[in-house]
Structure formats: C-alpha cells, structure tokens
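J.: Requesting a structural model of the entry that follows:
(one chain, ligands or ions: 2)
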Amino acid sequence: MAAFKTLDDLGDVTGKVALVRVDLNLPMADGRATDLTRANAVAPTILELADAGAKVLLLAHFGRPKGERHSTLSLSLIQGEMERVLGREIMFIPEVSGPVAEQAVGIMRAGDIGLLENTRFWPGEEKNDPAFAQGIAAIGDFYVNDAFSAAHRAHASTEGLAHLLPAYAGRAMEKELNALEAALGSPQTPVAAVVGGAKVSTKLAVLENLVGKVQHLIIGGGMANTFLAARGVDVGKSLCEHDLTGTAEAIMEAADKSGCTVHLPYDVVVATEFAANPASLRICNVHEVAPDEMILDVGPQAVEALGDVLKTCRTLVWNGPMGAFEIVPFDAATVGLAKTAAALSVEGSLTSVAGGGDTVAALNHAGVAGDFTYISTAGGAFLEWMEGKVLPGVAALEA
Ligand code: ADP
Ligand code: MG
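T.: Ligands and ions are numbered 1, 2, ... in the order given. Prediction:
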C-alpha cells in the first residue's frame, strides 16, 4: 500500500487553518440525531487539532440537497449535538468559501472550531469542480480527511482538496486504512471471508474479488441458496436468484483455480413461513428441503464446522449475516459464528474485520462487536473496498 501522511507528520499547526473532512451525516428524527456513532468517531481528530492550536474548520455533507440550499439540510441543525459530543463551542459558518467564510476564519482564534455549511448545497461538490475546490482551499492551510465512509466518492471535499493542499489522514481514517490493510492488503494467512446477506446480485464483485485473495470463502445467508441451487440442490421456496446459478458456478470454478475453498452449509434451518419461532421450524440436510419450505439460516452442524475453519485462520473479513437474523431463531448461525470469531480475536489468534449495515447490527445483536479487531461503519465505501476497488478519497491521500 502506498503511504499516506497522518497527523503525526504535521509540524507546528498553531494558528494554521485545518480543513477537516468529516462524516456528520447523522441519522435524524424530529430534529435530533438518533445515533452519534459518526460524530464520536471524528471527535479525536478534531480535538487533537484544536488542542495543537489549529483553527479547525469542519467540512461535511448532510443528506442529498442536490446542489441547492435547503434549510432542512443545513449543518447548523447538528451544531448543538456536535458541541455536546466535543464538549466545546463551535462557530457555525453558513458558507464554505468566499468573504463570509474568510471573515469567520479571521475572527477565530487558535484552537477554535468552526462548522462550515453542507458542502452539497453547491453543485461543484459532487462534480468535483476544481474552481469550487479552489474556493474552499483558499480559506485553509492544510487538509485532513477523516471520512473513510465518503472516500468512495470523488467529490471536491473528499478528493479535489487533497490535490490543492498538503493532505493528511485523520485518526479515524488512519485506523480504518490500517485495519483494512491488515485484513486484505497484506494479511496474515490463512484468510477467511464470510459473505452473507440476502442476494448474490448485490455482492457479485465482492465474491469475485475475494476468491482470488482468501483461502476460505464462507457463504451464508440468502446468497448461499443460489450457490446450493447451482450445485443441484432443490431449495424449495427459499430466496434464490435462479438466473445467477451460472455466475455462482463460475465463482466456484475461479475459487478452485486459485486455491480458495468455498464453504456452503450442509445443514440448514427451514420453515414454511417467515415468523418468529414458527411451528413449521425444523433443521435438515440441504438435500431434504421440502418444496414449500424456505432456508432461513445455516444449520448448527455447519456453524460448528465453520468455527473449526476459523480456528485454523489468522485473518477474517466478514460482510453479511448468515441468516435472517432479525427474527428469532434465525439469528443463531450469525450469533454462533460471531461469538467464535470474537473469542479467537480476544485470544489473539485472529485479526477480524467486519463491515456492512446489517452486519454491524447483527454483531451488535450478538453482543460481540467490541471484541472484533475492527468494525467498519462505512457502508458503501467498505463494500467497494471489499470489491478491490481503488477509493478516490484514499488514493488522493496516497498521491
Ligand atoms: P449488509 O447490510 O451487512 O451488507 P445485506 O444487506 O447484504 O447485509 O443482507 C442482510 C439481509 O439479508 C438481512 O435483512 C437478512 O434478513 C437477509 N438474509 C440473510 N439470510 C437470509 C435468508 N436465508 N433468506 C432471506 N433473507 C436472508
Ligand atoms: Mg444491508
């Protein structure tokens, strides 16, 4: 991996203006943030820079205003939440460049924190317009990107600015990049990947990338049904993309060629209806699924065998739940395998990195998120990284 600069590479920043790209796209209800994970994640970088004496200007997007001002999507709405998270006062600045922004920066003192307006109020942001980026760069001395979750977008505040000012990874970005490097960049082998979730079609590129990189590919969730069908298993009424069985076969062949073992469940949890603890619930071999049954989770024998596979591995990357974990007892395989992975991580034999919206929810549900080596909350950026894509926001930091 190309090297990137971190806050450790900054010299004396006293009185210098830091433009810090953060993810403040907080989920909101009734004007209040319902989850402060993203705000908490960027607090260390902001406080470190402020304490070092920089004037810290926060740059972020909020919702999808599509290049126009919308009062309902102003970042002023989260100023209060951010002040509570940081334990500091913040000055809200209703622009990102120009005389109003310049004046505001002029009255800030070393160590002050300013919150610039939603970058997506201007069409130049998503177009990565050089003139727009230059306007922002004009008010800053250096650029810090702490928003890995936005790094898959080549926007002015995520990519353009990195070419116009000295650019550094913030602490959250640094942690994320180091974790991802340890998981798939130059991992300790053997590496296992768990890929689950609803559909093969949403994760084709992930599967295609992983077969060439990992020694064990563990497929669970609804997508396992498509692979089972490709192997001639009758999956009954299960969620299954029958039109993708050819693709599933090609993935298994590619895996074979590159020495990657594909693990599919051999016992499964089935029911005729998708409800909590249904009367029709039973565990059976994959070859015994009845025409009116749905596979809703991986079976207990397979979970035990997969746990044994993890015990032989040094690295694990996980995206997607093993079953329909939102409804009991179809959470059992996800919870069981997650507990094994967590125990191995705590013991120190496994480096475990997981990401994905439902995956993070499932690991929280299992009560083991804190025991994984690293949990990415980045969503789209995490998936694109699992696809092996170059993320423009990261590439610009490495340039
Ligand atoms: P992530 O958000 O972590 O990337 P996905 O969105 O791909 O994960 O998949 C999560 C969804 O997959 C969950 O809603 C879960 O209920 C569903 N799912 C998992 N296994 C099955 C299954 N056997 N049948 C139907 N849905 C499933
Ligand atoms: Mg999802």
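J.: what about the nearest residue to Thr14 once chain neighbours are set aside, how many neighbours?
T.: Take Thr14 and drop its neighbours on the chain: the residue closest to it by Cβ to Cβ, 6 or more residues apart in numbering is Gly53, 3.7 Å away. Every C-beta, even on glycine, is put in place using the N, C-alpha and C of the backbone. Neighbour count of Gly53, defined by other Cβ atoms under 10 Å: 16.
J.: Check the one 4 residues further on too.
T.: Residues lying near Leu57 (other Cβ under 10 Å) number 26.
J.: Check for me that Ala192 belongs to a helix.
T.: No. With DSSP: H, G, I helix; E, B strand; the rest coil as the criterion, Ala192 is strand rather than part of a helix.
J.: ok, now which ones touch it?
T.: 214-218, 309-310, 313, 315-317 (Cβ atoms under 8 Å, 6 or more residues apart in numbering).
J.: I'd like to know how far it sits from ligand 2.
T.: Using Cβ to the ion, to the nearest Å, we find Ala192 at a distance of 21 Å from ligand 2.
J.: distance of that residue from Gly307?
T.: For Ala192, the distance to Gly307 equals 11 Å [Cβ to Cβ, to the nearest Å].
J.: what does Ala343 give?
T.: Taking Cβ to Cβ, one finds Ala343 at 9 Å from Gly307.
J.: do the same with Ala248
T.: In terms of Cβ to Cβ, Ala248 sits 24 Å off from Gly307.
J.: Name the residue in the two with the higher neighbour count.
T.: Higher neighbour count among Ala248 and Gly307: Ala248, with 25 against 16, using other Cβ under 10 Å.
J.: Show me which positions of the helix or strand containing that one end up buried.
T.: Assessed by DSSP states H and E, Ala248 sits inside helix 245-257. Across helix 245-257, burial judged by 16 or more other Cβ atoms under 10 Å covers 245, 247-248, 251-252, 255.
J.: quick one: buried residues of the helix or strand just after that helix?
T.: Once helix 245-257 ends, the next helix or strand along the chain (criterion: DSSP H and E) is strand 261-263. Using 16+ other Cβ under 10 Å as the test for burial, strand 261-263 gives 262-263.
J.: Strand partners (parallel or antiparallel) of the helix or strand just after strand 261-263?
T.: The element immediately downstream of strand 261-263 (helix or strand, assigned by DSSP H and E) is strand 267-271. In the sheet, strand 267-271 lines up against strand 282-285 (antiparallel), strand 294-298 (antiparallel) (DSSP bridges).
J.: Distance from strand 267-271 to the middle of the chain?
T.: Distance of strand 267-271 from its chain centroid, counting by Cα atoms, centre = their mean, to the nearest Å, is 30 Å.
J.: Tell me which residue in the stretch 101-250 of the chain sits closest to ligand 1.
T.: Gly197 (2.3 Å; Cβ to the nearest ligand atom).
J.: Can you tell me, leaving aside adjacent residues, what's nearest to that residue?
T.: Distance criterion Cβ to Cβ, 6+ apart; nearest residue to Gly197, sequence neighbours excluded, is Gly320 at 3.2 Å.
J.: Same question for His287.
T.: For His287, the closest residue by Cβ to Cβ, 6+ apart turns out to be Val233, at 6.4 Å.
J.: Next, the residue nearest to Met322 when sequence neighbours are not counted: phi, psi?
T.: The shortest distance from Met322 to any non-neighbouring residue, by Cβ to Cβ, 6+ apart, is to Gly220 (3.5 Å). With angles defined as degrees, to the nearest 10, Gly220 sits at phi -140, psi -170.
J.: so who does Gly220 touch?
T.: Taking Cβ under 8 Å, 6+ apart as the test, what Gly220 contacts is 194-196, 265, 298, 320-323, 333-334.
J.: Of those, which belong to strands?
T.: 194-195, 298 (DSSP state E).
J.: Going by neighbour count, which of the residues you listed comes out on top?
T.: Most surrounded of these: other Cβ under 10 Å gives Val298, at 32 neighbours.
J.: show me the contacts for that residue.
T.: So Val298 contacts 220, 224, 265, 267-269, 306, 322-323, 333 (Cβ under 8 Å, 6+ apart).
J.: between those residues, which is nearest Glu347?
T.: Minimum distance to Glu347 across the contacts of Val298 is 17.3 Å, recorded for Leu306 (Cβ to Cβ).
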